[in-house]
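>>> Sequence and predicted structure, then a few things I'm wondering about:
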Amino acid sequence: MEAKRLAAEKAASYVRDGMTVGLGTGSTASWAIKRLGERVREGLSIRAVATSVESERLAEASGISLVPFAEVQRIDVTIDGADEVDPHWNLIKGGGGALLREKIVAAASGRLIVVVDESKLVRRLGAFPLPVEVVSFGHELTIQALERLGCRPVLRLSDNRPFVTDGGHYIADCRIGAIHGHRQLHERLNAIPGVVENGLFMQMASQVIVGFRDGTVRELQRTQER
Ligand SMILES: O=C(CO)[C@H](O)[C@H](O)COP(=O)(O)O
């Protein structure tokens, strides 16, 4: 928890007056929201959009002004967590179920700062099940199509009912194992009727900040994609 907080607070220190900020979702991103709230109380002037209802609530409670996404021309910087980060800064996201809004906000951001603890660093993505957001209508068929791709999907549950995202969709967590050919996988997944989006974030991160158990924080250097 301390490692997550340190990474998130480092990211929050890059936010400047006048910026429009994207607020991520999850335990790490929530530390950034809390730190930004403190900075706002100290006089920082920002406006923000949130990637989930949960983060919206935390931002409001922290005194951060939220603006409707429709009124935002450009997001200067977004700070968000990740479930896995590989050496090329490809990510798996969506463990908290917010991957669709997270991807929309990341794509509209000038900079995406990813904040993680060291447990999220992997040589190859895929040990963490890849979240795939699917529409509820016909989700059984969509899940069968995911099975045919070899994805081993499991419908995410909450209190024995399908987990419902902020967008009103379901999530299939796909146990793929080591992922090769991210781009092709991404395209195949999103080509299935009923799939809304998947949790692979490729070439979206601008910066990765990692908190370590020993209390240090490091900004990663990206390994060149081959
Ligand atoms: O993608 C996400 C939510 O959809 C989160 O950023 C991801 O699951 C990491 O969460 P945490 O910081 O709690 O480990």
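Right, received. Where do you want to start?

>>> Measure how buried Trp85 is and give me the count.
One correction, residue 85 is Val, not Trp. Val85: 23 surrounding residues under other C-beta atoms under 10 Å. (C-beta placed from N, C-alpha, C; glycine too.)

>>> again, but for the one 10 residues further on
Around Gly95 there are 22 other residues, counting by other C-beta under 10 Å.

>>> Just give the nearest non-adjacent residue to it, would you?
Asp83 (4.3 Å; C-beta to C-beta, 6 or more residues apart in numbering).

>>> Tell me who's in contact with the one you found.
By C-beta atoms under 8 Å, 6 or more residues apart in numbering, the residues touching Asp83 are Leu91, Ile92, Lys93, Gly94, Gly95, Lys120, Phe128, Gly199.

>>> Surely the fifth one is in contact with Thr25?
Read it as Gly95. No. Between Gly95 and Thr25 no contact is recorded; they are 9.4 Å apart, counting by C-beta atoms under 8 Å.

>>> Now do Gly18 against Glu187, distance only.
38 Å (C-beta to C-beta, to the nearest Å).

>>> near the ligand too, which of the contacts of Asp83?
Taking C-beta under 6 Å from any ligand atom as the test, the ligand is in contact with Lys93, Gly94, Gly95 out of the contacts of Asp83.

>>> OK, contacts around the residue nearest to the spatial centre of the chain?
Per C-alpha atoms, centre = their mean, the C-alpha nearest to the average position across the chain is that of Lys93, at 4.5 Å. Lys93 sits next to Asp80, Gly81, Ala82, Asp83, Leu99, Glu102, Lys103, Pro131, Gly199, Phe201 when contact means C-beta under 8 Å, 6+ apart.

>>> before we move on, what about Arg47?
With C-beta under 8 Å, 6+ apart, Arg47 has these contacts: Thr20, Val21, Ser65, Leu66, Val67.

>>> now do Lys10
Contacts for Lys10 (C-beta under 8 Å, 6+ apart) come out as Val115, Ile209, Gly211, Val217, Glu219.
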